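A.B. asks: Need coordinates for the below:
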Amino acid sequence: MRALRHSIIATSLFALALPLSPAQQAVPAPASPQARKPIVTIVANTSLVLVNLSVTDKNGNPVRDLKAGDIRLLEDGKPQKIVSFDFENLDAPPAVTASAAASGPSGVVVSGAPLSLKLGATPAATPVAEETYRDRRLIVLYFDLTTMQPEDVQNVIEQAQSFVKTKMQPADMVGIASLGNTLQVNQDFTSDKDLLLKGLNALNPATSNGFEAGSDGTTDGTPDNGNSFTADDTEFNVANADRSLEAIQTLAEMLRGIEQKKSVLFFSDGISRSGVDNEITLRTAVNAAVKANVALYTVDARGLQVRVPGGSANQASSRGQGAYTSAAALGQINSQFGQQETVATLANDTGGDAFLDSNDFAPAYSKVEHDTETYYLVGYHSSNPSKDGKYRKISITIPDRPGVRVSARPGYYADTDIAYLNSSGREAQLMDQLTADVPEQTLPMYASDGYLRLAKGRYFIPVAIAIPGASIPLKGARPNAVPSVDIDGMVRDRALRQIGHIQTTIRLDRRLVGDNGAQIAARNLQYDSGFSVTPGLYEIRLAARENQVGEMGAFGTVVNIPDLDAIEAKSPTALAMSSVVIGSQLETVRPSPQDPLTASGNALVPSVTHVFATNQHLYLYYEIYDPKTDATGALRVRTNVALYRGKVRVFQTAVRDFDRLTDPGRKAVVVQLDLPLAQLKPGYYTCQVDALDENAGRVAFPRLPILVRAPADAHGK
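C.D. replies: Reported below is the predicted structural model:
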């Protein structure tokens, strides 16, 4: 396997919207690249590491009388000196500080009045006295409306209202957040029950999106609703899971400025991951929560479910033999397990707990209160000054208290500083980023792939990598240097053998950057490459680092390159067809026989995000292989494209007919379509390609999501 084509382009800022979750869009963007501040981690800038620990005796009762000298704290086996020590006692009535009591109507609180604080407050943005958080239980009720059905939303709201009315303690400060079209803070931290009930009442169940997991294209065991095929919605599932996980990451980052422990009650109908496609996003969300001292308590809003093998009463009977062979029931169980496994991982890896298969959510609230009754907040400066981004293991014991149990997070990831690295160190750092279980994700990075057949048993994988230009700092450790981005990537087979490698440096000249960085801030930086492979399952891992500040990003996915010949032999109706590549730009290139996208000299630049503006064109490229000829030697290949909003078709192209091969050497009919988008209203669409080989009676109906937006203004917004 080898890289075949490299190109560097600048694409529209619109290409940020789909994989960049609405949660991230809801966070205000900086006015300029120079004003942009790097994300703060636990050890960045201050080098103070904070750990909260719960200590119980052999009977499970909290130990309340520890001193800093009683604690033995090790980092990577080396003793550390504790420089800050605080005991949080949430059983005691919260104290009102003199400064707060004196602040009156213009301040935060008066004696005996409810307390309110910004949910996303940070020391830099909103200075708050340290005493404000002392002995306070900080709880966020977070509702993922994109996964829940209206009846589930109604249920969780009613039980949340019951908690506020009957179980909320004087020490509790509760905030409300939700994910719909964007991540919204519905109510900042407050102890005012009336404000919380008002915020919960505003979460109308009718506003839930209820995006159920789509099909993977398998017909057996699916409802027989009269459709002649079952669409493959794998791309939708990946995008929806990333969206939910990225929102959790953003929520954790909003809370990181508060040192005390934050408990997030996360209500959803589960998160469906597609293999390991969402693995890096999941690990990044967990790492963000750990760094922000956030514990996730995940609740399956569906409660206890009954799975009927033949299908529930509100859907059609199942297709195929699945209902009679237990395959349908097993598929339902596996689907539910996969959704619950993701949220359980979020809970376990952040120090929280998961509550599944129960219609009573009260134990979740009780668990949060129990886990935060009392805890110690310990701070220390690491004796290891290296900013190498590596994992540091924390071990805490109480030597003079035999039998006590200490619960604390097991470690953290150190900060990175590119100024401390030489060339070999930078190369090693990028390789560590590429292979890390939890890579650093301070530089947003997205990628897409697909497959095109080169010959029998040989395929081309086009790989496109996109980095938002606004995320690339123009000032940093080397303010006079030309900004650049290093990209590294590897491809591995099932046996984890590395069989391909990508490595390049993209240098941004001043023409691309523009005055004061305004031009690059409104664009995307995209790098295109490709590989030739045989059929099989491959893992693609990519890493990038900008070389001004040293922020890094990573992306990982699994791509299954099918053996189209074997598929056609197995199914009499399956049509041998490539992936559908879409984009809004064409690039003049030198044709390469190893890259089908370049054959015409105008290569389609793949859209990584599937986001377009109404003043752009939607270009489609796909190939149909080995069509059958009739008695006269002619082909009868027909294809067109339709756009749907929900289940309503709103646009359809004319049918294109092909009576001969357009690429005889590869036995392919190459289809290239141009769809002006001016007549479409902004919104989400499903793009469906209909392809038919009439002579062979074979069909294919690939689908993919797109987002159409209004044109950008003069400032790229």
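
A.B. asks: Spit out the contact partners of the nearest residue to residue 456 once chain neighbours are set aside.
C.D. replies: Spatially, and ignoring its direct neighbours in sequence, residue 456 is nearest to residue 565 (6.7 Å; C-beta to C-beta, 6 or more residues apart in numbering). All C-beta spots, glycine's among them, are computed from the backbone N, C-alpha and C. By C-beta atoms under 8 Å, 6 or more residues apart in numbering, the contact set of residue 565 is 456-457, 576.

A.B. asks: What separation do you get for the nearest residue to residue 658 once chain neighbours are set aside and residue 460?
C.D. replies: Excluding the flanking residues, the one nearest residue 658 by C-beta to C-beta, 6+ apart is residue 637, at 4.2 Å. Residue 637 is 21 Å from residue 460, where distance means C-beta to C-beta, to the nearest Å.

A.B. asks: So what does residue 160 look like in phi/psi?
C.D. replies: Torsion angles at residue 160 (phi, psi; degrees, to the nearest 10) stand at phi -70, psi -40.

A.B. asks: Distance of it relative to residue 507?
C.D. replies: Distance of residue 160 to residue 507, given as C-beta to C-beta: 52 Å.

A.B. asks: Please identify which of those two sits among more neighbours.
C.D. replies: Comparing residue 160 with residue 507 by other C-beta atoms under 10 Å, the one with more neighbours is residue 160, at 23 against 12.

A.B. asks: isn't residue 62 right next to residue 54, touching?
C.D. replies: Yes. Counting by C-beta atoms under 8 Å, residue 62 touches residue 54, with 7.2 Å between them.

A.B. asks: Overlap in contacts, these two.
C.D. replies: When contacts are counted by C-beta under 8 Å, 6+ apart, residue 62 and residue 54 are jointly contacted by residue 374.

A.B. asks: Now do the contacts for residue 502.
C.D. replies: Applying C-beta under 8 Å, 6+ apart to residue 502 gives the contacts 3, 463, 487-490, 529, 542.

A.B. asks: Any idea what residue 299 is bridged to?
C.D. replies: In this entry, residue 299 is beta-bridged to residue 267, residue 355, by DSSP bridges.

A.B. asks: Oh, that last question was meant for residue 560, not what I typed.
C.D. replies: According to DSSP bridges, the partner residues bridging residue 560 are residue 537.

A.B. asks: ok, now residue 670?
C.D. replies: Beta-bridge partners of residue 670, counted by DSSP bridges, are residue 623.

A.B. asks: Kindly report the same for residue 79.
C.D. replies: residue 74.

A.B. asks: Was I right to think it contacts residue 72?
C.D. replies: Yes. Using C-beta under 8 Å, residue 79 is in contact with residue 72, at 7.2 Å.

A.B. asks: Quick one, grab the pLDDT at residue 197.
C.D. replies: Listed pLDDT for residue 197 reads 92.

A.B. asks: do the same with the one 5 residues further on
C.D. replies: Per-residue confidence (pLDDT) for residue 202: 88.

A.B. asks: Contact partners for it?
C.D. replies: Here residue 202 is in contact with residue 186 (C-beta under 8 Å, 6+ apart).

A.B. asks: Residue 283 should be in a helix, yeah?
C.D. replies: Yes. Remark: residue 283 belongs to a helix, assigned using DSSP: H, G, I helix; E, B strand; the rest coil.

A.B. asks: okay, residue 62 and residue 54: which has more neighbours?
C.D. replies: residue 54 (20 against 14).

A.B. asks: what about the residue nearest to residue 456, is that helix, strand or coil?
C.D. replies: On the three-state scheme (three-state DSSP), residue 565 is labelled helix.

A.B. asks: go on, residue 396?
C.D. replies: With three-state DSSP as the basis, residue 396 sits in strand.

A.B. asks: Residue 348 versus that one, what's the distance?
C.D. replies: According to C-beta to C-beta, residue 396 and residue 348 sit 19 Å apart.

A.B. asks: between the two, who's got more neighbours?
C.D. replies: Comparing residue 396 with residue 348 by neighbour count (other C-beta under 10 Å), the higher total belongs to residue 396, at 19 against 14.

A.B. asks: so that one bridges to which residues?
C.D. replies: residue 73.

A.B. asks: quick revisit: which one's more surrounded, residue 79 and residue 72?
C.D. replies: Between residue 79 and residue 72, counting by other C-beta under 10 Å, residue 72 is the more crowded of the two (15 against 10).

A.B. asks: Could I get the pLDDT score of the residue nearest the centre of the chain?
C.D. replies: By C-alpha atoms, centre = their mean, the chain has its centre lying nearest to residue 242, at 2.9 Å. pLDDT for residue 242: 78.

A.B. asks: Can I take it that residue 543 is in a strand?
C.D. replies: Yes. Counting by three-state DSSP, residue 543 falls inside a strand.

A.B. asks: so who does it touch?
C.D. replies: Contacts of residue 543 by C-beta under 8 Å, 6+ apart are 430, 433-434, 439, 487-489, 552-555.

A.B. asks: Bridged to it, which residues?
C.D. replies: Legend: beta-bridge partners of residue 543 under DSSP bridges are residue 488, residue 554.

A.B. asks: Relative to residue 449, how far out is it?
C.D. replies: When residue 543 is compared with residue 449 (using C-beta to C-beta), they lie 16 Å apart.

A.B. asks: returning to that earlier point: tell me how many other residues crowd the residue nearest to residue 658.
C.D. replies: By the criterion of other C-beta under 10 Å, residue 637 has 24 neighbours.

A.B. asks: from what I can see it touches residue 669, true?
C.D. replies: Yes. Between residue 637 and residue 669 a contact is recorded at 5.2 Å, counting by C-beta under 8 Å.

A.B. asks: okay, and the common contacts of those two?
C.D. replies: Counting by C-beta under 8 Å, 6+ apart, the residues touching both residue 637 and residue 669 are 624, 627, 658.

A.B. asks: In TSV: those residues, plus pLDDT.
C.D. replies: Shown next, in TSV, are those (pLDDT from 0 to 100):
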residue	pLDDT
624	97
627	96
658	97
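
A.B. asks: Which of the residues you listed sits closest to residue 370?
C.D. replies: Nearest to residue 370 among these: residue 624, at 60.9 Å, using C-beta to C-beta.

A.B. asks: got a list of what the nearest residue to that closest one once chain neighbours are set aside touches?
C.D. replies: Closest residue in space to residue 624, ignoring its immediate chain neighbours: residue 669 at 4.4 Å, by C-beta to C-beta, 6+ apart. Going by C-beta under 8 Å, 6+ apart, residue 669 touches 623-625, 627, 635, 637, 658, 661-663.

A.B. asks: And stretch 379-390, what's buried?
C.D. replies: Neighbour counts over stretch 379-390 (16 or more other C-beta atoms under 10 Å) mark 379-382, 384, 387-389 as buried.
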